[in-house]
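A.B. asks: My questions are about this predicted structure, shown below with the sequence.
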Amino acid sequence: MKAQVQVAAPEAKKEHNDPKTGGPGEMGNAVRIDKDKLSKEERKKYDDGWKNNAFNQYVSDMISLRRSLADIRDQECKKVDLHPNLPD
């Protein structure tokens, strides 16, 4: 007789999952930069980011990897419904 194994979804630890609230890009909000208001040094970083990477590296570097994002999944996709009697 084979032993049954139940697999559970991992739980994120709260202390490692708390994003900085209110930062650039929070909840997927756009980050807008007025290039004319940047200092010479910041403007160079802005321009070099576009030139070297073909994307706005200046803004990308401002956005936290641990920001909050809206959960846009369909309600059915948010459910975790594992059948208890799955085959091995």
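C.D. replies: Right, received. Where do you want to start? Not measured: the values here are computed from a predicted model.

A.B. asks: Return the alpha-carbon coordinates of stretch 68-76 using CSV.
C.D. replies: Taking C-alpha atoms only, stretch 68-76 is exported to CSV below (Å, rounded to 0.1, in the frame of the first residue of the first chain):
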residue,chain,number,x,y,z
SER,A,68,2.5,45.9,-3.7
LEU,A,69,0.7,45.0,-6.9
ALA,A,70,-3.0,44.4,-7.4
ASP,A,71,-4.0,40.8,-7.8
ILE,A,72,-5.7,40.8,-11.2
ARG,A,73,-6.3,37.1,-11.5
ASP,A,74,-9.8,35.8,-12.1
GLN,A,75,-11.6,34.8,-8.9
GLU,A,76,-11.5,31.1,-10.0
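
A.B. asks: contact partners of the helix or strand harbouring Glu42?
C.D. replies: Following DSSP states H and E, one finds Glu42 within helix 40-53. Contacts with helix 40-53, where a contact means Cβ atoms under 8 Å, 6 or more residues apart in numbering, come from 33, 35, 38, 55-58, 60-61. Any C-beta I mention is one placed from the backbone N, CA and C, and that applies to glycine too.

A.B. asks: Looking at the residues you listed, which is nearest Arg67?
C.D. replies: Arg67 lies nearest to Ser60 out of the contacts of helix 40-53, by Cβ to Cβ, at 12.0 Å.

A.B. asks: what residues are up against the closest one?
C.D. replies: Gly49.

A.B. asks: List the buried residues of the helix or strand hosting it.
C.D. replies: Take DSSP H and E as the rule and Ser60 turns out to sit in helix 57-62. Neighbour counts over helix 57-62 (16 or more other Cβ atoms under 10 Å) mark 57-59 as buried.

A.B. asks: Tell me which two in the contacts of helix 40-53 are the farthest apart.
C.D. replies: Leu38 and Phe55 (17.3 Å).

A.B. asks: okay, the two: which has more neighbours?
C.D. replies: Leu38 (15 against 10; other Cβ atoms under 10 Å).

A.B. asks: ok, for the more buried one, nearest residue in space, not its chain neighbours?
C.D. replies: With sequence-adjacent residues excluded and distances taken as Cβ to Cβ, 6 or more residues apart in numbering, Leu38 is closest to Tyr46, at 6.0 Å.
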